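K.L.:
Just need the structure, nothing else, for what follows:
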Amino acid sequence: MILALIWGTSFILIKKGLVVFSSDELGALRISIACLSLLPWAFRHLRQAEPRHWKFLFGSGLLGNLFPAFLFAYAETHLASGLAGVLNSLTALFTLLIGAFFFSQRITWMRMLGILIGIAGTAVLIFSGSGRADFNNTFYGLYIVLATICYGGSVNIIKHRLQGMKPFAMSSLALLTVGPVAFVYLFTTNAADKLQHTPGAWEALLYIAILAVFSTAVGLVLFNKLIHISTTLFASSTTYLIPIVALMWGVLDGETIQLWHYIGMVIILAGVFIVNRAK
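P.N.:
The predicted structure is shown next:
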């Protein structure tokens, strides 16, 4: 429930940050701030990581944090935040698929049916247009689909390759591997100049800081804990509630959600439900 509230709110925070900053600036700021917020724990747990762990920590950092931070921000430059939250539901489906293909997880015909239903719902959602009048390219939703594929890979790496590491250690060290990349990239952007000269920049930065600390840093620790005490599918089933929270914030912010969007959301969630319940 806590994760659903934290992550469901992240999409509206991205939207608020994009008022001033570009998508790549927002992505770099988000990862840099998240890395800094967990830096004390990263230094404290450095010795817990064995040499064999580092490549998986880096992989988890890339797939679970760095790439999605940029992909979601770029998608939301043309996609309503509520719909971005709905598309995030595909994480559960890709968690199962990647687990089956790369980690020898068993996949049944019922779960495959759920995956196909989820993909069908995604098609309905993407090709039915957006809730914003200025949206001219429905394919921006595919960037979120790519982000959920990354999430599915990260979840499986955490469960199958980093089992045994404490959540704080895993989260802080994964961010430590990609934080410097985002920090260096940040200096190639105009973010600092916007903070000095653009009205509303500090307010937008506040939204991004909340996004980074809670949705990325705190959310990552909680999610890693959830993966360790449950299954990858149960952990990714937080996507049941995330769309509801995201749509709620979107509607409160004036976004228009059309009938086809609700239909697509119901189809996606039906697919996720079948995947999680199927034996």
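
K.L.:
which SS state does residue 254 fall under?
P.N.:
Three-state call for residue 254 (DSSP: H, G, I helix; E, B strand; the rest coil): coil.

K.L.:
Just give the number of residues close to it.
P.N.:
Around residue 254 there are 9 other residues, counting by other C-beta atoms under 10 Å. Backbone N, C-alpha and C define where each C-beta goes, glycine included.

K.L.:
Quick check: it vs residue 243, distance?
P.N.:
Remark: distance between residue 254 and residue 243 (C-beta to C-beta, to the nearest Å) = 18 Å.

K.L.:
got it, and residue 40?
P.N.:
Distance from residue 40 to residue 243, by C-beta to C-beta: 34 Å.

K.L.:
Stretch 252-267 spans what distance, first to last residue?
P.N.:
Taking C-alpha to C-alpha, to the nearest Å, stretch 252-267 runs 24 Å from one end to the other.

K.L.:
list the buried ones in it?
P.N.:
Within stretch 252-267, the residues scored as buried using 16 or more other C-beta atoms under 10 Å are 255, 257, 261, 264, 265, 267.

K.L.:
I'd assumed residue 121 was in contact with the last one.
P.N.:
Yes - when contacts are counted by C-beta atoms under 8 Å, residue 267 is listed as touching residue 121 (3.0 Å).

K.L.:
returning to that earlier point: same drill for residue 40 and residue 243, tell me which one is more crowded.
P.N.:
More crowded of residue 40 and residue 243, by other C-beta under 10 Å: residue 243, with 24 against 10.

K.L.:
Off-centre distance for the helix or strand containing the more buried one?
P.N.:
Element membership for residue 243 (DSSP states H and E) is helix 242-252. Centroid separation for helix 242-252 versus its chain: 15 Å, with C-alpha atoms, centre = their mean, to the nearest Å.

K.L.:
now what about the next helix or strand after it, what contacts it?
P.N.:
Counting by DSSP H and E, the next helix or strand C-terminal to helix 242-252 is helix 259-277. Residues from elsewhere that reach helix 259-277 (C-beta atoms under 8 Å, 6 or more residues apart in numbering): 82-83, 86-87, 89-90, 92-93, 96, 110-111, 113-126, 128-129, 131, 233-234, 237, 239-240, 243, 247.

K.L.:
just the helices in the stretch 151-279 of the chain please.
P.N.:
With DSSP state H, counting those that start in this stretch as the definition, the stretch 151-279 of the chain shows helices at residue ranges 167-186, 191-197, 201-210, 219-229, 232-236, 242-252, 259-277.
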